[in-house]
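>>> heads up, no residue letters with this:
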Ligand SMILES: Cc1cc2nc3c(=O)[nH]c(=O)nc-3n(C[C@H](O)[C@H](O)[C@H](O)COP(=O)(O)OP(=O)(O)OC[C@H]3O[C@@H](n4cnc5c(N)ncnc54)[C@H](O)[C@@H]3O)c2cc1C
Ligand SMILES: Cc1cc2nc3c(=O)[nH]c(=O)nc-3n(C[C@H](O)[C@H](O)[C@H](O)COP(=O)(O)OP(=O)(O)OC[C@H]3O[C@@H](n4cnc5c(N)ncnc54)[C@H](O)[C@@H]3O)c2cc1C
Ligand SMILES: Cc1cc2nc3c(=O)[nH]c(=O)nc-3n(C[C@H](O)[C@H](O)[C@H](O)COP(=O)(O)O)c2cc1C
Ligand SMILES: Cc1cc2nc3c(=O)[nH]c(=O)nc-3n(C[C@H](O)[C@H](O)[C@H](O)COP(=O)(O)O)c2cc1C
Ligand code: FES
Ligand code: FES
């Protein structure tokens, strides 16, 4: 409940979110670097950077390139591995009053399952988000992320190992997002989140080389918002599980656009880099919108444009 | 040959282009509206708006929405039909010293073939571009555009009927652009062009409705350039036929980026709306770049970043 | 060369960076901006310009009607409501600032249709008034007397402010209407016509769609011609993107499918010829 | 609360709109901009700020080293080469213009390492010089005599212009090098060190990668410490995006994979600890 008596809380797979705004994985660390700037207690949830069983060193640099109204990244899911993560990041996060969603990555089915098992009964974790869609990982990831059969299979396996609700995070680099959403649902996913980044490329014509050492990278930011809204709309109409929408959100109007398209919650990604306090502004802006429009409960706007 | 003794001419499927710059279909009419502004004789080619056997009325309005660094359109391929087109548009275009590429659309295989047959022996036409990828046509188009088998089939059929070189225009809304490129090549395409628009959506949160009457529309403009460059790179590495690259080109640097990624020629789309003389500036800018970098022949930069 | 083709578009179109020489706030959210522009040389009442934004993520130009074109001074004036990014940016710009201007575009109000008409009515609903000002002046310049022309101008209220009404009054008779009745007729411009039982011989109109529909119906019932100026989202403003359609009652020469381009065949249409 | 976690990042970071109070061109393409900024309160030599652009399609902030921070006046100075959109925009801005500034960021040059050293060398290659100016002043302020500190500054040529050299000269000894030999040693800052057979006890360096590699090699051969400031493309500047990595010789505490974040563990590193 926000002060004005307006309900901004949403429920996703049995987990209560005080408001529908969280960060997108990989754009806020585990909150440590931002916590003096941004009151983590205000967030609907904190979503961690992807974590694997062992440390990953990621891709060579350059990993970042600016593009019109967006950016490319090819981090390659660098992460310190689940041991450090559990001790350091979860230790840190447990002190805050917000949901903790751990983003999980792996090179293989088995690696995903290892992380899921380690976190399955950890009280500090509220949900797991399975990143089957990272375009920068050569092995594993991309196949799960673009083939409905593989996606259903990995979803089933993850669900078998997990006591936590599972969010499957979908790749937009597919012909039919509706088919992918259905596959995740069929596999038992409790929710889906989308979109991950669109695969892109930039060339430095003066140096005659790729702007990213990895050649391709993931496009994010306002540039991709129309694609993201369309996919959230299509996915939320294809399934009955809740959808977490993201891709280019910069302000409360963008967030509300995703919710009207069918998202039950939203995540802010690259815009955190542009404006570290963006999420707080968005949370406040949503409440203002609801109150100005006489909407008592945020659930009234979810999927209202149809 | 440009004045400085630098060769900017490219050859695509046996057709000579005085320079590699043309407009993208649907963004320049048939040149009639622009010819007092833009010297059509300077263009490498003029690509017409899609034409069908019969007049199409297109989608209801609104058909246009602005998005960050881009726009959505849902014109729905409104066109006056092949009869009017042949008499009026081709009559007009025959007076200019530039290649004429006719963009062809249809609701069914048969409709595509009707247009192709009508134009196959028309001297005023240099090439045909088959738009199998328009996202705004419900019937036909989209299936050819996203299924490699269908794409190969329609390519074969078109090739059988046509004496003109055939360019298959690919949709980016697919899991593997390389597979689509290969399918077009296997079907006998003389060249491919890409990308058509990415399917997107925008919602007016105040009016609680879709910004486009058609709900979804095609996203174009600088926002999509990283995706387009990546797809041009992947497609040109998958096939041996020439590639015409497009998607968000605004200046000569963007054009050169596409060529370094593997395109033999480029097309300028929505930026014509922003700046009607953009193509002329781009043509001049390419020559300047070549001369400043001591490059005698533009073919040296095609696919040079690998 | 291409001159042999009568269907080519021969236009005195200008694409230039135009400098602002005067900016004013006229009413709540309503602004007036005067540009030094060669568009003035040929602009015809009812034509419009496409104005670029300074934002490099907002790439579409904004269509705005020409409210005044002064050929001698070489200036055009735009009067607009600040509703979104582009119009707000323009409203905040200062003298000396430049904007990309493309125009004049479209076909304006047919002046010849007003010849020999006794009662010529111009109805401007809200921000529809501006293009009618240039029309009022042009009609007078063709020799039509002030007594024959009446502008009916509809506003929200005295509180949010009237605009252009005095400039209209210098040229033609003026009747006011406000939504809240704070001045003139309470209601719309159509209410003002009915209240006074006016019997126009011709109507020129610009304003919101419901008003244009009412004008069309009134004109049809009265067997008089009505010319209305329409709006639609535009990308090119030049007739190529086919974004800005209106359904027409007859097949038009360009589309062959009962679709006319507002930017090119319009923005002014004979009310009988379009389907609103 | 989170204070109990020693690995949390406790920073005096400021995110503000900072106003320009002075802009200057120093040399060909090289500019100096002074902002009124609270960043001055805590800025340490070698730290940097992330500066936003005014373009709404260019959303990443640009990292620029702090060249001077005046705590009393509450100002910071940035000196930079105008190479692309952001730096050009900044160079053209006028007094009173504001930019989004996030900082101070990163870890600067360790001052304590210089204590008791006889021959302290600062090598600044081209646009690498600016952060060393604040370092020079800070070193002097710790009580180190002018005779102990030498700045070796490398430029392109007299023609394209020297910059900051006089300000360095007010604090420390200065040796110049130019690519074309138009003043000082012909060649790089390393050539200047070798030409004079200098035997530094410690080197602080900022500049292009080849220079930094040469400094590292020279320092390793001479068994002296070297601290170098690195660059990489950055998205967040705050340690979360993991975009700005440099390979490290040992596993660092954050990544556990021989990767350090230039924005957070750097931009200044002990030359021994990174793999260039
Ligand atoms: C032929 C014509 C003449 C016009 N003349 C005037 C005039 O004289 N005075 C005036 O105040 N307004 C006029 N309008 C409406 C004016 O174009 C819009 O108010 C303006 O485009 C809004 O732009 P924005 O950037 O402020 O709003 P935003 O909401 O930021 O615009 C987003 C996009 O939607 C388009 N758009 C938004 N509203 C409209 C609209 N009503 N019509 C067409 N496109 C729209 C914009 O052009 C832009 O592409 C005219 C419209 C047309 C088509
Ligand atoms: C810690 C640090 C300190 C720096 N200090 C200075 C300084 O004091 N003076 C100075 O002149 N330059 C400095 N640079 C380099 C400066 O960041 C770039 O010149 C600047 O980002 C170029 O931006 P642009 O918009 O002009 O160029 P564009 O080419 O338009 O930039 C496009 C993108 O690439 C990035 N980029 C381009 N060049 C570099 C680069 N060399 N390093 C990092 N990112 C880059 C931009 O930040 C932006 O995201 C520093 C870089 C770092 C990492
Ligand atoms: C630098 C960066 C790192 C990212 N890392 C991850 C990650 O580890 N796991 C993941 O599922 N998504 C990751 N993403 C994708 C985002 O979570 C998000 O899906 C995407 O960026 C679209 O949102 P945006 O446009 O708001 O950034 C990353 C994105 C960026 C920009
Ligand atoms: C208004 C509009 C109309 C279009 N009509 C067609 C069409 O008729 N046939 C076609 O193949 N592509 C059509 N396209 C797609 C463009 O040709 C081009 O592939 C796409 O816009 C990407 O290029 P851009 O980003 O430079 O605009 C259209 C695009 C726009 C914006
Ligand atoms: S705006 Fe493009 S045709 Fe009218
Ligand atoms: S710039 Fe993001 S971690 Fe350094």
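Here it is on my side, so go on. The structure displayed is predicted, hence computed values, not measured ones. Residues are numbered from 1 along each chain as shown, chains lettered A, B, ... in the order given. Ligands and ions are numbered 1, 2, ... in the order given.

>>> which residue packs closest to the residue of the stretch 151-300 of chain A found nearest chain C, ignoring adjacent ones?
The stretch 151-300 of chain A approaches chain C most closely through residue A:222 (7.2 Å), counting by CB to the nearest CB. For glycine as for every other residue, the C-beta is placed from the backbone atoms N, C-alpha and C. In space, and not counting its chain neighbours, residue A:222 is closest to residue B:68: 3.7 Å by CB to CB, 6 or more residues apart in numbering or on different chains.

>>> before we move on, back to that, from residue A:229, how far out is the residue of the stretch 151-300 of chain A closest to chain C?
11 Å (CB to CB, to the nearest Å).

>>> all the helices of the stretch 51-200 of chain C, in order from the start?
Here the stretch 51-200 of chain C has its helices, by DSSP state H, counting those that start in this stretch, at C:85-92, C:130-141, C:165-169, C:189-195.

>>> correction: the stretch 201-306 of chain A
Using DSSP H, counting those that start in this stretch, helices in the stretch 201-306 of chain A cover A:225-238, A:252-261, A:271-274, A:278-292.

>>> near chain D, anything from the second one?
What it means is helix A:252-261. No. Helix A:252-261 lies out of reach of chain D by CB under 8 Å from any CB of the partner chain, never closer than 13.6 Å.

>>> residue C:19 - that's part of a strand, no?
Yes. Per DSSP: H, G, I helix; E, B strand; the rest coil, residue C:19 lies within a strand segment.

>>> quick one: neighbours of whichever residue of the stretch 1-150 of chain A sits closest to ligand 5, just the number.
Taking CB to the nearest ligand atom, ligand 5 has its nearest neighbour within the stretch 1-150 of chain A at residue A:68, 22.1 Å off. By the criterion of other CB atoms under 10 Å in any protein chain shown, residue A:68 has 27 neighbours.

>>> go on, residue A:148?
Based on other CB under 10 Å, the number of other residues close to residue A:148 is 18.

>>> need phi/psi at residue C:236.
Dihedral pair for residue C:236: phi -100, psi -30, per degrees, to the nearest 10.

>>> so which bits of the stretch 101-250 of chain A are right by ligand 5?
For the stretch 101-250 of chain A, no residue is in contact with ligand 5 (CB under 6 Å from any ligand atom).

>>> list the contacts of residue 215.
Since you didn't name a chain, this refers to chain A. A:74, A:201, B:233 (CB atoms under 8 Å, 6 or more residues apart in numbering or on different chains).

>>> look at chain C instead
Counted by CB under 8 Å, 6+ apart, residue C:215 has contacts C:123, C:189, C:190, C:203, C:205, C:226, C:228, C:271.

>>> go with 6 Å
Counting by CB atoms under 6 Å, 6 or more residues apart in numbering or on different chains, residue C:215 touches C:123, C:203, C:205, C:226.

>>> helix, strand or coil: sort out it for me.
Applying three-state DSSP: residue C:215 is helix.

>>> need the residues of chain C near chain D, please.
C:55, C:56, C:57 (CB under 6 Å from any CB of the partner chain).

>>> for chain A, same thing?
A:28-29, A:32-33, A:35, A:55, A:57, A:61-64, A:66, A:68-69, A:75, A:78, A:80, A:84, A:88, A:92, A:95, A:273-274.

>>> can you get me a residue count around residue A:100?
24.

>>> what is it paired to in the beta sheet?
Beta bridges link residue A:100 to residue A:46, judged by DSSP bridges.

>>> which parts of the stretch 51-200 of chain C are strands?
Using DSSP state E, counting those that start in this stretch, the strands of the stretch 51-200 of chain C run over C:62-65, C:68-70, C:75-81, C:98-105, C:120-125, C:149-155, C:173-178, C:185-186.

>>> residue ranges with poor pLDDT in the chain?
I went with chain A, as the question did not name one. A:1-4, A:134-143 (pLDDT under 70).

>>> my bad, the chain I had in mind was chain C
C:1-11.

>>> most proximal residue of it with respect to chain A?
For chain C, CB to the nearest CB, closest residue to chain A: residue C:57, 5.0 Å.

>>> got the contact list for that residue?
By CB under 6 Å, 6+ apart, the neighbours of residue C:57 are A:69, B:68, B:69, D:56, D:57.

>>> try it again at 10 Å.
Going by CB atoms under 10 Å, 6 or more residues apart in numbering or on different chains, residue C:57 touches A:68-70, A:222-223, B:66-70, B:221-223, C:85, D:55-59.

>>> how about the residues of the stretch 51-200 of chain C near ligand 6?
Checking the stretch 51-200 of chain C against ligand 6 by CB under 6 Å from any ligand atom, there are no hits.

>>> return the distance of the residue of the stretch 51-200 of chain C found nearest chain D relative to ligand 6.
With CB to the nearest CB, the shortest gap between the stretch 51-200 of chain C and chain D falls at residue C:57, namely 4.0 Å. Applying CB to the nearest ligand atom, to the nearest Å, the value for residue C:57 to ligand 6 is 23 Å.

>>> likewise residue A:63?
In terms of CB to the nearest ligand atom, residue A:63 sits 9 Å off from ligand 6.

>>> residue C:20 contacts residue C:36, doesn't it?
Yes. Contact criterion CB atoms under 10 Å: residue C:20 and residue C:36 qualify, at 8.0 Å.

>>> what is the neighbour count of residue C:119?
When neighbours are counted by other CB under 10 Å, residue C:119 comes out with 15.

>>> I figured it hits residue C:197, correct?
No. Using CB under 10 Å, residue C:119 is not in contact with residue C:197, being 11.6 Å away.

>>> now residue A:53: closest residue in space that isn't a chain neighbour?
Nearest to residue A:53 is residue A:114, by CB to CB, 6+ apart, at 4.2 Å.

>>> how many other residues sit next to that neighbour?
Residue A:114 has 18 nearby residues by other CB under 10 Å.

>>> would you quantify the distance from it to residue A:156?
Counting by CB to CB - residue A:114 and residue A:156 are separated by 17 Å.

>>> hmm, back to that, out of the contacts of residue C:215, which one sits closest to residue D:49?
Distance ranking of those against residue D:49, using CB to CB, places residue C:205 first at 56.3 Å.
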